[in-house]
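Student: okay, predicted coordinates and the sequence, questions at the end:
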2 protein chains.
Amino acid sequence: MSLRYAVLGLLARRPSTGYELTQTFDRSLRTSWHARHSQIYPELAKLEDADLVEVVGHGARRSKTYAITDAGRAELRQWLVEAEPDRSQRSESGLRLFLTPLLDPADRQATYQRDLVHVDQELASLQEVRAEVRAAPEPEAFAPQVELGIRINTVLRDWLREQLQASAGGPGHD
Amino acid sequence: MSLRYAVLGLLARRPSTGYELTQTFDRSLRTSWHARHSQIYPELAKLEDADLVEVVGHGARRSKTYAITDAGRAELRQWLVEAEPDRSQRSESGLRLFLTPLLDPADRQATYQRDLVHVDQELASLQEVRAEVRAAPEPEAFAPQVELGIRINTVLRDWLREQLQASAGGPGHD
DNA sequence: AATCGACCTGTCAATACATACATGTTCAGG
DNA sequence: CCTGAACATGTATGTATTGACAGGTCGATT
């Protein structure tokens, strides 16, 4: 049911078209709940059927702008506050990190290096977002979430650097 | 395809029965790649068909012990080193954290509090694992991974504490 | 000897999700 | 006027995953 609440949550921030939602899933939600447009459009239709969202406008290229309804807000709040969270996760990157010790030192170093490049990019993009948020006239409610993303990626970056340094001396360094 | 490599990876660490794999998925892989036994048993059968794993023993209660084959090891290495990682993730907890700013301060505090309890438990259990790893006679290849888990959960714990303190003064505290 | 709980392996039906297919629209540049 | 790229929305087919069902096994306790 997470997809449903992800969509509801994004529409609670601002009314959007399916296309805009798809972009937000790609940009902001890819690290927490990934979804493709082929899932988003049918989900919007289901949510509309259930009166949790409604079409509030038609734009160019047949686009429809959806907004969350009061019922939708209530449903979202209920899920966030009252439903027991499912703490399980699916992260291919996490799985790879978990299994990396199985590789021999050269392969291991190569994969850590690849991850480090990615984390650096991630950090750069999050720092840009933070700068934008700080430059905004009004305080942004999502600023702490951006900060958390930066902190987690920083920990990851430092850990990857340590692993690379530790094996840099060679497997039988002593 | 991640499930396949998760199973292969666990069998690369040591031969196991389906039941043992299920337990490991629950204990260690729940935060990176979650799977139920109803997926694991059929996957083992498929892997055996493909000669990537083999049955190396029969135990009590009809249990079969599987081990990874040389072909399986090659397949696993190839995936870890050469396949382009899919960086997208699915984490209900992450989604909840992302959406929490939508809640009013009282609800928000309640959910952060709930998360804090969980993170504390997670940390305690990871610190136990670390202690075991340190007490082991031989150096444990997976020790850095445990350390990373501790660091990430520590960052999360500190961040949650900050959020709780920030809103403790009340929404219009100044 | 009966019973209970943990052990252990499977299957099935329904839902979630990915990939590919399919179609039409607006705008900018040549 | 033509063309290509980005915009925008959908559907179809196959695979992945869940939750429920199902049944057999072993050991300990009574």
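Tutor: Thanks, I have it. Not measured: the values here are computed from a predicted model. Numbering: from 1, shown residues only, chains lettered A, B, ... in the order given.
Student: how is chain A divided into domains?
Tutor: A:2-82, A:92-168 (automatic domain parsing).
Student: hmm, the last one in reach of chain B?
Tutor: Yes: Domain A:92-168 lies within reach of chain B by C-beta under 8 Å from any C-beta of the partner chain, at A:92-103, A:107, A:110-111, A:114-115, A:118, A:141-142, A:144-145, A:147-148, A:151-152, A:155-156, A:159, A:162-163, A:166. C-beta: built from backbone N, CA, C; applies to glycine.
Student: in contact with the spatially closest residue to A:Asp120 that is not a sequence neighbour, which residues?
Tutor: Excluding the flanking residues, the one nearest A:Asp120 by C-beta to C-beta, 6 or more residues apart in numbering or on different chains is A:Arg157, at 6.7 Å. A:Arg157 sits next to A:Leu116, A:Val119, A:Asp120, A:Leu123 when contact means C-beta atoms under 8 Å, 6 or more residues apart in numbering or on different chains.
Student: mind listing what's buried along the helix or strand encompassing A:Arg157?
Tutor: A:Arg157 is located in helix A:143-168, with elements delineated by DSSP states H and E. Neighbour-count burial for helix A:143-168, counted by 16 or more other C-beta atoms under 10 Å in any protein chain shown, picks out A:144-153, A:155-157, A:159-160, A:163.
Student: what's the angle between that helix and helix B:143-168?
Tutor: 160 degrees (axes from the mean of the first three to the mean of the last three C-alpha atoms, to 10 degrees).
Student: what's the neighbour count on the residue in chain A that DNA strand C sits nearest to?
Tutor: Going by C-beta to the nearest atom of the strand, DNA strand C is nearest to A:Ser38 of chain A, at 3.0 Å. Using other C-beta atoms under 10 Å in any protein chain shown, A:Ser38 has 8 neighbouring residues.
Student: on that earlier part again, let me have the domains of chain A in a markdown table, extended by mean pLDDT.
Tutor: Formatted as a markdown table, the domains of chain A follow (pLDDT from 0 to 100):
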| stretch | mean pLDDT |
| --- | --- |
| domain A:2-82 | 97 |
| domain A:92-168 | 96 |
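Student: mind putting the ones you listed in TSV, distance to DNA strand D included?
Tutor: Below are the domains of chain A laid out as TSV (distance: least, C-beta to the nearest atom of the strand, whole Å):
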stretch	distance to DNA strand D
domain A:2-82	3
domain A:92-168	9
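Student: which parts of chain A are strands?
Tutor: For chain A, the strands defined by DSSP state E cover A:16-17, A:53-58, A:64-68, A:89-91.
Student: now tabulate those strands in CSV and tack on mean neighbour count.
Tutor: Below are those laid out as CSV (neighbours: other C-beta atoms under 10 Å in any protein chain shown):
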stretch, mean neighbour count
strand A:16-17, 20
strand A:53-58, 14
strand A:64-68, 19
strand A:89-91, 21
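Student: give the contact list for the nearest residue to A:Phe142 once chain neighbours are set aside.
Tutor: Spatial nearest neighbour of A:Phe142, excluding adjacent residues (C-beta to C-beta, 6+ apart): B:Pro101 at 5.2 Å. Applying C-beta under 8 Å, 6+ apart to B:Pro101 gives the contacts A:Ala141, A:Phe142, A:Pro144, A:Gln145, B:Arg108.
Student: for B:Val55, state which of those is nearest.
Tutor: B:Val55 has its nearest neighbour among the contacts of B:Pro101 in A:Gln145, at 47.6 Å by C-beta to C-beta.
Student: ok, so what distance separates the nearest residue to A:Leu123 once chain neighbours are set aside from B:Asp86?
Tutor: Leaving aside its chain neighbours, A:Leu123 sits nearest to A:Asn153 (4.9 Å; criterion: C-beta to C-beta, 6+ apart). For A:Asn153, the distance to B:Asp86 (C-beta to C-beta, to the nearest Å) stands at 18 Å.
Student: distance of the closest residue to A:Thr154 other than its chain neighbours relative to A:Thr17?
Tutor: Using C-beta to C-beta, 6+ apart and skipping residues adjacent in sequence, the residue nearest A:Thr154 is A:Leu123, 6.8 Å away. Separation of A:Leu123 from A:Thr17 (C-beta to C-beta): 30 Å.
Student: next, count neighbours for A:Leu99.
Tutor: When neighbours are counted by other C-beta under 10 Å, A:Leu99 registers 25.
Student: that one touches B:Ser2, doesn't it?
Tutor: No: shown here, A:Leu99 and B:Ser2 do not form a contact pair, counting by C-beta atoms under 8 Å, at 10.5 Å.
Student: contacts only, for A:Leu21.
Tutor: A:Val7, A:Leu10, A:Leu11, A:Ile40, A:Leu44.
Student: ok, A:Gly57 next?
Tutor: Counted by C-beta under 8 Å, 6+ apart, A:Gly57 has contacts A:Pro15, A:Lys64, A:Thr65.
Student: out of the residues you listed, which is nearest to B:Gly72?
Tutor: A:Lys64 (49.0 Å).
Student: surely the closest one meets A:Thr17?
Tutor: Yes: between A:Lys64 and A:Thr17 there is a contact at 6.2 Å, judged by C-beta under 8 Å.
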